[in-house]
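Engineer: What would the 3D arrangement of this be:
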Amino acid sequence: MASTEIFGLGTPEAVFQAALETFKSGLTAAQLESFPKQSLNNVKLKIRAIQQRQERLKTLMNFSRIQFYLDRFAEFDAVCQRANIAGQGTAELSAFIWGPSLFILEISEEDANVLDSVLDTYQKFGKRIPDPRAYDNLVQQRPEMMKCIAFMYEDLLRFYASVLKLLSGRIWKKTFGANWQDFLDSFSHILESFDNHGKLLEQLLAARERHAVDDARQRLNDHIIRSAGDGLVMRDYANNYEADRMVLLRGAESVRAMDSRLNDHIIRSGDDGLVMRSHANDYDADRAALLRGAGAAQAVEGRLNDHIIRHADDSLIMRDLASEYDRDRTVLLQGAESSEAADRRLNGHVTRSNDFYHKVQRHIDQYEQDRIELLRKSRHQEKTRKEEQLANVKHWMSSPGVPQSEYHSQFRSVRHDFQDTGIWILDEPKLLNWMMARDEPPVYSMLWLNGRKGAGKTTLAALIVDKCDQMLDFSTSYFYCREGDTGDNTCLAVLKGILRQFVQHNQDLLPSCEQRRTRGEEILNDPATVRSLLDLFCDHDSNHFVIIDGLDECDISEAKAIADFWTTAVDRCDRYKPGKLRVLFVSVHTPDIRKMMQSADILDLPPGKSGKDIWRYVAKQFGRIQDKFELTEDESLSAQELVCQRADGMFLFAVLTVQNLLEQPNLRTLKAELKETSLPATLEEAYRKVIERLRQNLHPNQWAEARKIFGWLAGAKRPLKWHELQAALSIEVDDVGRGALDYRHNRLRLEIREICGSLVQVLQNRIEFIHSTTRSYILMSEHLDEKAIECDLTILCLSYLTFDCFKQGLDAENRKKFASDGYYSFQDYAISKLNYHVEKLIRTTPSLFGQVGNSRGRGYDGKLAAVLTRFLEFYRESFVAAAAARPPSLSQLASLRARSPPQSGSSTQRSASPSRSPTPLSQQHQQGVNPVEFCQQFQHTSFHSQLQELWAHVYSHQSGDLTERNKISLPDLEKAMDKARSKIVELAANSSREKLAEYYGDRLHKCSRLTCSYFYEGFETEARLDKHLKRHDRPFQCPVNGCMVATLGFSANKDLEKHLRQAHPNESGQPSQFVGDSKPTLAEPKWVCEICNKRFVRQAIKKAHVNSHYGTRPHACETCGKKFTRANDRNRHRKLHMRAPNGRER
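Structural biologist: Take a look at the predicted model:
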């Protein structure tokens, strides 16, 4: 998605447009044309049409589940239209609400289960969508709310994009069930996102309601405050009035005081007149003064009158001023109060508005932060879930051994210093057409590249893999078959290896793989499952290159199965899209493989082209030779020409020859090697030169170790691990059969290539020959004898298993010491492969001893007799117990003595040819061949009777059913191994693992089944081992010997029958190779009914059976309450409710 989806950047319009453009980018041209034309009415018409069709077919479903979804998004659409959220593009936004809905209904209508799942999802979705009517006004009032609407639209398109992806492609019906269950995990994140949308809207609606209540409350408070303020003004006015009145009263009192003083003066004046009359004598004298006093009094009276008049005027003026003051004060008070109240109300409104805005903004900011965190968290969880799912599936598809990626890295490294070599193959017209054709399909979708051994085909295959890997419109998967690695050269192993890479390249089908994985298989070993999953990947819309190198290294039957599978897959894909699946086989040209390639184009590897690469390689390497030995230019050119001529297109020949020349000690020996008579003429001679040089350069003791290692690698029944090889080297066996393990003195202190040169390699702790031809040439050389090697390995295993560390009654302390010192590091190989070595010894070594013995056999005669005797005595109790448990016909084998050896040309002698993976001899019992006859050719040896007794035991064990063959035939040995393994795991848990890993590797939890590859490969944890062991407990097992799933089995007989039809079409219904295997092996039923004693294979079936005795019905339907005895019956009943609209059983 765009950045707006992740971080919420930009305006709401930008979010809308980014979400829509991202959604459109994943649509087809038809969808882009159709979706904008759709509306809600079209969706309703489609639903009505589906219901009418279902009504005719009587398959009505409960379509009310989608109603809530339609109602909510209809209202959502209306809100977007009224708000004109996207301007002129709003109508387009509306169309992309209903267009995908209509398309999903049209597609899901084809399958009732799909439609039912879609309706369930719509129901869940509708319930989580916020009610648009509640926030319609809020969107109109608060434009910032449009961002929330934009995010809701974005999440809706995310939902549509996910569902449309599930319903697209040719194989969507095959993958829908698994993909839909996987989608529900991510769907929960979309629902959680809509919960956040609803949470924000609820918060904003609640905030708006609180704001309205707070505003009303504030207005009421303002009114109350204004009323209280008016009362205060009135009280102030009354106080002022009283103060003014007191002032006036004090003025009037002053006037009255002046009148009183004037009256007093008048009274005093009257008294003075009386005094003056009484004083007649003074009258005359004072008459003039009196006259003057009367004038003064008159003046005073006038002034008094003037004062009174002025006082009255002042009182009127004061009253007028007081009235005017009162009016002015009233006006001022009213104005001041009105202004303050208005300011106060305005400030309060602004404050409340700001508070509300900030609160809304905080909610929106928190919502956006929550959305960012939710998307980040959901993507991280989804990524982690997918990574864990991928890791589980890849582990499920894993195979023991070296990963193909390591082989590829090794083969790529061959060209590291010679980048120009091999690039000519990329210009070959047939390969170029197969690889590069795009506008037109290739002429052939399957190509066979063939050439002689040692021609560098594998290096060319690695180069082609790298080139194909650069094609962005194709995924590239590959597999390298390796000589001698029988476990990895089967059809199942090849198909699994390629399937594992398909999963890595294309994770769209990961849910389908995960669904198969969770059915109980810890490791995928069912060929039918592998083939069906590969068919899914091949039929998927993606394009694939598949490159398989070394088809000739597989057994012919396995090679044919591989070729047939890919031929069928290519033909099927070419019918509808030619060239989408392109397969390249690389191998040696053989008539058998030529028959398999009738549908393929053939590209013969021309010697002349590889000759140019050989020339470049040789020229560069001879530059090093010149620098090291000071060869002249003429000598160098002459030698180069001779090497290239004799290579004759075989790159391996040139590599071996040049390496041998580089290892020469001086110029004299180099020139001796460069002579025409000395320089190898064939690949066999080149190997011989390398081996001879090793023998000469190494100390005799080192050469003895190298020969031993070469022999064991050639004779081992599987690739040896490094710690197993070190243990084998540390074992010494004396002439009387007693052995000892001495790591300190005998383990190899050199790197493997220091002692074995370039003939071996180490891949993931496994030691292998460098090339498929190496083993055969080493065995053909004069220095190694395959028969002697087989004797050495048989003696080694027999002697090792009689060490004190395997004694019965060994105390815990000594066992701990043995485990700590690495004594059990060879037990996995010795125990699992002993029978094979005994069989191979009987088949291939009679000529080593001859009729009367010879010089080579004499050295082994006494040693074999001593070792066999010691082994039989060491496990005597186990041999006796095993013999007692045999059928009578087999118990008598040990005492049988044939009177004469088999006739010349008999099946016995014909079977004695060397074989890397010998067929079990016990199959010849069905042909009437007495197994004891195989030992008659050793009747002149001193160990004949002991070998016969041991072989009778081995034959008896191999003739048992698969359960018996999977067990260790000697109970005492089995107990010793189990105790040793437990002690090793215990030590690893309580001490450093580094030293133990040096002795036992990293995977210490190992399977106990002999024929299982995890018997020696093991698991990292006990939990993984436990899951693996549960598969072994499945009751129905494949009866075909050698089948990869034979040790695992099936939980139901129908699964076994299906496996036999698909994996063994030629052997289905035929008797097994071993006696007693003519019918599928079924484990003994161990679950017994306590009432009727009937036995059952599985506990769940037994519980259901017991319930039927008591009439118990523990499994109830959650919808109608109806009860059932078995859960499966209840589950079938549930489906009726899904088809009935009223929820009741119809």
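
Engineer: Any stretches of the stretch 251-400 of the chain with poor pLDDT?
Structural biologist: Along the stretch 251-400 of the chain, the model assigns pLDDT under 70 to residues 251-252, 254-259, 261-263, 265-315, 317-322, 324-354, 356-357, 359-360, 363.

Engineer: What does residue 733 show for phi and psi?
Structural biologist: Backbone torsions for residue 733, taken as degrees, to the nearest 10, come to phi -120, psi 120.

Engineer: Test my guess that it contacts residue 741.
Structural biologist: No. In this structure, residue 733 is not within contact of residue 741 by CB atoms under 8 Å, at 10.4 Å. From N, CA and C alone the C-beta is placed, and that goes for glycine too.

Engineer: after the least confident helix or strand in the chain by mean pLDDT, next one along is what?
Structural biologist: Every helix and strand of the chain was ranked by mean pLDDT, DSSP states H and E. The lowest is helix 907-910, at a mean of 34. Next helix or strand after helix 907-910 toward the C-terminus (DSSP states H and E): helix 944-958.

Engineer: Check the offset of that next one from the chain's centre.
Structural biologist: Relative to the centre of its chain, helix 944-958 is centred 49 Å away, using CA atoms, centre = their mean, to the nearest Å.

Engineer: What's the mean pLDDT across it?
Structural biologist: Rounded to a whole number, the mean pLDDT of helix 944-958 is 88.

Engineer: Packing partners of that helix?
Structural biologist: Judged by 3 or more CB pairs under 8 Å, 6 or more residues apart in numbering; DSSP states H and E, helix 944-958 is in contact with helix 827-844, helix 855-874, helix 876-885, helix 888-891, helix 962-965.

Engineer: In TSV: the ones you listed, plus mean neighbour count.
Structural biologist: Formatted as TSV, these follow (neighbours: other CB atoms under 10 Å):
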stretch	mean neighbour count
helix 827-844	23
helix 855-874	19
helix 876-885	14
helix 888-891	13
helix 962-965	20
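
Engineer: Of those, which shows the lowest average pLDDT?
Structural biologist: For these, mean pLDDT drops lowest on helix 888-891, to a mean of 48.

Engineer: what number of residues lie near the nearest residue to residue 461 once chain neighbours are set aside?
Structural biologist: Of all residues not flanking residue 461 in the chain, residue 549 sits nearest, at 4.1 Å (CB to CB, 6 or more residues apart in numbering). Counted with other CB atoms under 10 Å, residues neighbouring residue 549 total 27.

Engineer: Residue 653 too?
Structural biologist: Residue 653 is flanked by 26 other residues according to other CB under 10 Å.

Engineer: Please report phi then psi for it.
Structural biologist: Main-chain torsions, residue 653, degrees, to the nearest 10: phi -60, psi -50.

Engineer: For the residue nearest to residue 461, give me its contacts.
Structural biologist: Taking CB atoms under 8 Å, 6 or more residues apart in numbering, we find residue 549 in contact with 457-458, 461, 478-481, 586-587.

Engineer: one more time with 10 Å, if that's ok
Structural biologist: Neighbouring residues of residue 549 by CB atoms under 10 Å, 6 or more residues apart in numbering: 407-408, 411, 449, 457-462, 464-465, 478-482, 584-587.

Engineer: Show only the entries of the residues you listed found in helices.
Structural biologist: Among these, the residues falling in helices (DSSP state H) are 407-408, 411, 457-462, 464-465.

Engineer: Just among those residues, which is most surrounded?
Structural biologist: Counting by other CB under 10 Å, top hit in the ones in helices among the contacts of residue 549: residue 460 with 28 neighbours.

Engineer: if we can go back for a sec, could I get the ones in helices among the contacts of residue 549 in CSV, plus columns for distance to residue 955 and pLDDT?
Structural biologist: Formatted as CSV, these follow (distance: CB to CB, whole Å; pLDDT from 0 to 100):
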residue, distance to residue 955, pLDDT
407, 38, 87
408, 43, 90
411, 43, 86
457, 42, 89
458, 40, 90
459, 45, 89
460, 47, 92
461, 43, 94
462, 45, 93
464, 48, 95
465, 46, 95
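
Engineer: with those residues in mind, which one is nearest to residue 879?
Structural biologist: The closest of the ones in helices among the contacts of residue 549 to residue 879 turns out to be residue 407 (CB to CB; 43.1 Å).

Engineer: From residue 764, how far out is that closest one?
Structural biologist: Separation of residue 407 from residue 764 (CB to CB, to the nearest Å): 10 Å.

Engineer: which residues are in contact with both of the two?
Structural biologist: By CB under 10 Å, 6+ apart, residue 407 and residue 764 have these common neighbours: residue 401.

Engineer: What mean pLDDT does the helix or strand where residue 1026 lies get?
Structural biologist: Secondary structure from DSSP H and E places residue 1026 in helix 1022-1032. Across helix 1022-1032, pLDDT averages out at 80.

Engineer: Buried residues in it, which are they?
Structural biologist: Using 16 or more other CB atoms under 10 Å as the test for burial, helix 1022-1032 gives 1024-1025, 1027-1028, 1031-1032.

Engineer: Turn the helices and strands packed on helix 944-958 into TSV, columns for distance to residue 471.
Structural biologist: Formatted as TSV, these follow (distance: least, CB to CB, whole Å):
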stretch	distance to residue 471
helix 827-844	43
helix 855-874	57
helix 876-885	59
helix 888-891	60
helix 962-965	45
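
Engineer: any idea of the mean pLDDT for the helix or strand following the helix holding residue 1026?
Structural biologist: As assigned by DSSP H and E, the chain's next helix or strand after helix 1022-1032 is strand 1036-1037. Averaged across strand 1036-1037, pLDDT comes to 70.

Engineer: Next, report how far strand 1036-1037 is displaced from the centre of its chain.
Structural biologist: With CA atoms, centre = their mean, you get 30 Å for strand 1036-1037.

Engineer: next one: stretch 978-986
Structural biologist: From the chain centre to the centre of stretch 978-986 is a distance of 32 Å (CA atoms, centre = their mean).

Engineer: neighbouring contacts of that stretch?
Structural biologist: Stretch 978-986 has contacts (CB under 10 Å, 6+ apart) with 805-806, 808, 810, 812, 815-820, 822-825, 827-828, 968, 996, 999-1000, 1004-1006, 1008, 1018, 1022, 1025.

Engineer: What is the burial count for residue 118?
Structural biologist: 23.

Engineer: Which residue lies closest in space to it, excluding its sequence neighbours?
Structural biologist: Closest residue to residue 118 apart from its sequence neighbours, by CB to CB, 6+ apart: residue 108 at 4.6 Å.
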